[in-house]
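> my questions concern the predicted model and sequence given below.
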Amino acid sequence: MSLSPEIREQLLRYQRDEITGHHIYKRLAQTLPSPENRRVIEAIAADELGHYQQWKNYTQQEIKPQWGKIRLYYWMSRIFGFTFGIKLLERGEHDAQDEYARLETWIPEATAVMRTEHEHEETLIGLLDEEKLRYAGSMVLGLNDALVELTGTLAGLTLAFQNTRLIALSGTITGIAAALSMAASEYLSTKSEKTEKNPLKASLYTGAAYIVTVLLLILPYLLLQNYYAALAVTMTTAVGIIAGFNYYIAVAKDEPFKPRFLEMAGLSLSVAALSFGVGLIVRKVFGVEI
């Protein structure tokens, strides 16, 4: 078949993406201890190689994979979880399906074949089981509570104390105590629900998410002298944490990003604003000067 330069270039780009994906999945499969998850990812790797061969039948040309992209997605998957890495990679491929329609004039079966293959991959991805996602609810609980409670506490303390070291000390004590309390509550809650989740692991995920959030929100008060600047950085950090975590959940669990982000950000910032006002009122009423 004679292909126009434009179509040929498009097919070569698809070839490169598919062979790159094949190597990413192949590498990830070798790191997984679970035979079931390893089998699923090996099947996806085989699909990617099949896609590559399909396009090669038309271009009659070998294409080298993008080794930089392979390393990037490999380490993202190792750090943030293989489900996140795989779904992020598949999102890019899914977006490319809109371009397949343009190929139908030259390759009539392209759209149907690729749609079928991607549906197969989506089915396989649905079979993946990852501990991080099973305990995502516990992490959300820890993050959400820490963000709402600590942003409010720090905002109130900023107006009441007006001393970054004192604010950091008070916030750290409050945050760690609250983290231990939340972890204990999650343990008892999970144990009473009798779900598949391990109560101890659920409590650890909740407590860890809470403590990490506390440390990130307290850090500006340890690094900056101006308490208003520290508060501004803390609020910005809080919004960044909310955005980052909700993006992770949106990709890994196929949930909408915007509604969850706006809800959490709006709640945290509203509580912080109210607490800021409470701190001002308390300082004026009680005449506290530190």
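It's in.

> run a quick neighbour tally on Glu149.
21 (other C-beta atoms under 10 Å). C-beta here means a position set from N, CA and C on the backbone, and glycine is covered the same way.

> likewise Ile41?
Count around Ile41 with other C-beta under 10 Å applied: 26.

> okay, the nearest residue to it once chain neighbours are set aside: pLDDT?
Excluding its sequence neighbours, the residue lying closest to Ile41 (C-beta to C-beta, 6 or more residues apart in numbering) is Ala29, at 4.2 Å. Looking at Ala29, its pLDDT reads 87.

> pick out the residue nearest the middle of this structure.
Tyr248 (1.6 Å; C-alpha atoms, centre = their mean).

> and it, what helix or strand is that in?
helix 227-252 (DSSP states H and E).

> which SSE is immediately downstream of that helix?
Next along from helix 227-252, by DSSP H and E: helix 258-286.

> the residue nearest to the centre of the chain reaches Phe80, doesn't it?
Yes. The criterion here is C-beta atoms under 8 Å, and Tyr248 meets it with Phe80 at 6.5 Å.

> so the helix holding Tyr248 versus helix 258-286, what angle?
Relative orientation of helix 227-252 versus helix 258-286 (axes from the mean of the first three to the mean of the last three C-alpha atoms, to 10 degrees): 160 degrees.

> what's the model's confidence in helix 227-252, averaged?
For helix 227-252, the per-residue pLDDT averages 87.

> can you give me the strands in the stretch 101-250 of the chain?
Applying DSSP state E, counting those that start in this stretch to the stretch 101-250 of the chain gives no strands.

> show me where it has helices.
110-126, 131-134, 136-161, 164-193, 199-223, 227-252 (DSSP state H, counting those that start in this stretch).

> now for the ones you listed, which one comes closest to Pro5?
Proximity to Pro5, assessed across the helices of the stretch 101-250 of the chain by C-beta to C-beta, is greatest for helix 110-126 (17.7 Å).

> what's the average pLDDT for that closest one?
So the average pLDDT for helix 110-126 ends up being 66.

> which residues of the stretch 151-290 of the chain score low on pLDDT?
Scanning the stretch 151-290 of the chain for pLDDT under 70 picks out the ranges 194-195, 279-280, 282-284, 286-290.

> now do stretch 44-53, average pLDDT.
86.

> so Thr164 versus Ala232, what's the distance?
For Thr164, the distance to Ala232 (C-beta to C-beta, to the nearest Å) stands at 13 Å.

> tell me which of these two has more neighbours.
Higher neighbour count among Thr164 and Ala232: Thr164, with 21 against 14, using other C-beta under 10 Å.

> next, the buried residues of stretch 238-251.
For stretch 238-251, burial by neighbour count (16 or more other C-beta atoms under 10 Å) applies to Ala238, Val239, Ile241, Ile242, Phe245, Asn246, Tyr248, Ile249, Ala250, Val251.

> contact partners of it?
Residues outside stretch 238-251 that contact it (C-beta atoms under 8 Å, 6 or more residues apart in numbering): 80, 84, 87-88, 91, 136, 139-140, 143, 147, 151, 213, 216-217, 255-257, 260-261, 264-265, 268-269, 272.

> going through the residues you listed, which ones are buried?
Listed as buried from the contacts of stretch 238-251 are 84, 87-88, 136, 139-140, 143, 147, 151, 213, 216-217, 260-261, 264-265, 268-269, 272; burial here means 16+ other C-beta under 10 Å.

> low-confidence stretches in the stretch 1-150 of the chain?
Checking the stretch 1-150 of the chain against pLDDT under 70 turns up 1-2, 92-102, 104-105, 108-134, 137, 141.

> okay, now the domains of the chain?
Per automatic domain parsing, the structural domains of the chain span 5-129, 132-286.

> from the chain's centroid, how far away is the longest one?
Looking back up the chat, that one is domain 132-286. 17 Å (C-alpha atoms, centre = their mean, to the nearest Å).

> residue contacts, His23?
Listed by C-beta under 8 Å, 6+ apart, the contact set of His23 reads Pro65, Ile70.

> next, it: phi, psi?
Here is the backbone geometry of His23 (degrees, to the nearest 10): phi -70, psi -30.
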